[in-house]
Each structure stands twice: as C-alpha cells, then as structure tokens.
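Undergrad: prediction below, plus the sequence it came from.
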Amino acid sequence: MYGKVKGYDGSGPRVAATDASYKRGVAGIACVVSNGSWGLSRWAPGNRHDPTGPAAVLVAELRAVAFLLEGPDQPRPPELLLDSTIAIRYLRAWQRGRIERMPDGYSLLPRRGPQSAPTLVRLAGIMAQHPEIRLQHVHSHTGHPLNEAADALASLAQRGLPPVETRSRAEGLVEAFLRTWHEQADGD
C-alpha cells in the first residue's frame, strides 16, 4: 500500500527513511519520504525462499529499501536513512558493485509472478546503478521524525489490520511525523 500526504512537495531536501518490524515470523516493511510519500507492506509466514533467524530481520530491512526504490515515488531521494548498520553495509557493498553478496540463507531461486528475480537481487542492481544515493545511519527509537514514522508504519503493517483502517492510521502517523520533521528542518 502506498499513499501521499499533501502539502510537502517541494519543501526542503528530499530525504527518505525505511524500516522493518519482524515478530513471530511476520514482517512489516515501510518507507516515508519528506515530500509526503509513504508506503507499507506485510509478509506473512510461509515464504519458502526466506531465511530464518537474524538474517530474516536483515532481509526485511533490505526489502523495505527495495519497496521504497521500486515504488511509485520518483525520482529517487538523494538521501536514505536506516537504523540498521548491517543493512547499510550491504547497500554500500552493492553500490560498489559487489552485487553477488547476499544475506546468509537468502535464496537466489527465481520467484513466481511478474518479476522472477528475487527482491534483493533487484535491489542490488538498483544500488549498483545509483552510487550517488547517500546512506545515513540513524539510531532507532531516539526521536528522529522520519525514522520514527517508518518504524510506526512498519509496526502497523506487521499487525495486518484491514486496509481501510491501515490507510487511515498510516496517513495520520505520516502527517504528524512529517510536520515535526519539517518544523525541525525549518528551525535549523
């Protein structure tokens, strides 16, 4: 699910944040962009291609980045905020052309559907083509408005509420966090 909160086009630098929430084998992923664009999605248990253990959380973090970069919001934001240093290491390696590097246990088998290439293989290719995207680490749960918005959206996605309720809650969260982010950016 993607959406856009009105009123933030063209105000300030374009910055995006992504995050994932992983509990009991269900992942929620999300992204938010300073121009008001946002997105969230959910992966339920049972995907035979996904790794287990700590790699599952890393894969979810990286899928959140792919969800942003393959989504409808264009052009790509020049700066991307993540709270996972391990995910940033993978993204930077891919930017340097090391696209063969994948998380432990991640299956490279073709997928069913319109895009047979696995998500992280596609993401590695995108990052290799866009070394100009700046990756910045932000500490989680420290009040950074864009990171907190992405975190809240990922948690919302992970819960699996009905779509109408999810959209309504997501729009309210994004609006509140973006207002704070833009007020802080204008105050600097």
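TA: Alright, I've got the coordinates.
Undergrad: list the contacts for H137?
TA: Neighbouring residues of H137 by Cβ atoms under 8 Å, 6 or more residues apart in numbering: L81, L82, D83, T85, I88. Where C-beta positions appear, they are placed from N, C-alpha and C, glycine not excepted.
Undergrad: can you give me the strands for the chain?
TA: With strands called from DSSP state E, the chain shows them at 2-4, 15-23, 26-33, 37-43, 79-82, 134-137.
Undergrad: buried ones in the last one?
TA: Within strand 134-137, the residues that count as buried by 16 or more other Cβ atoms under 10 Å are L135.
Undergrad: how distant is that strand from the center of its chain?
TA: On the basis of Cα atoms, centre = their mean, to the nearest Å, strand 134-137 sits 13 Å off its chain's mean C-alpha point.
Undergrad: mind listing what it pairs with, with the direction of each?
TA: In the sheet containing strand 134-137, its partner strands are strand 79-82 (parallel), by DSSP bridges.
Undergrad: do the same with the second one
TA: Pairing partners of strand 15-23, with direction, according to DSSP bridges: strand 26-33 (antiparallel), strand 79-82 (parallel).
Undergrad: now those strands in CSV, with distance to N147, mean neighbour count and mean pLDDT?
TA: As requested, those are exported to CSV (distance: least, Cβ to Cβ, whole Å; neighbours: other Cβ atoms under 10 Å; pLDDT from 0 to 100):
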stretch, distance to N147, mean neighbour count, mean pLDDT
strand 26-33, 9, 27, 94
strand 79-82, 6, 21, 96
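Undergrad: which one of the strands of the chain lies nearest to V65?
TA: Closest to V65 of the strands of the chain, according to Cβ to Cβ: strand 15-23, at 5.1 Å.
Undergrad: what helices and strands are in contact with the longest helix along the chain?
TA: Assignment by DSSP state H gives helix 163-187 as the longest helix of the chain. Here helix 163-187 touches strand 2-4, strand 26-33, strand 37-43, helix 145-159, going by 3 or more Cβ pairs under 8 Å, 6 or more residues apart in numbering; DSSP states H and E.
Undergrad: I'd like the average pLDDT over it.
TA: Averaged over helix 163-187, pLDDT sits at 90.
Undergrad: now it: buried residues?
TA: T166, R167, A170, E171, L173, V174, E175, F177, L178, T180, W181, H182.
Undergrad: re the thing from before, any idea which of the strands of the chain gets closest to R92?
TA: R92 lies closest to strand 134-137 among the strands of the chain, at 6.2 Å (Cβ to Cβ).
Undergrad: returning to that earlier point: which of the helices and strands packed on helix 163-187 is buried the deepest?
TA: Among these, strand 26-33 has the highest mean neighbour count (mean count of other Cβ atoms under 10 Å), at a mean of 27.
Undergrad: quick one: it to helix 163-187, angle?
TA: Counting by axes from the mean of the first three to the mean of the last three Cα atoms, to 10 degrees, strand 26-33 lies at 40 degrees to helix 163-187.
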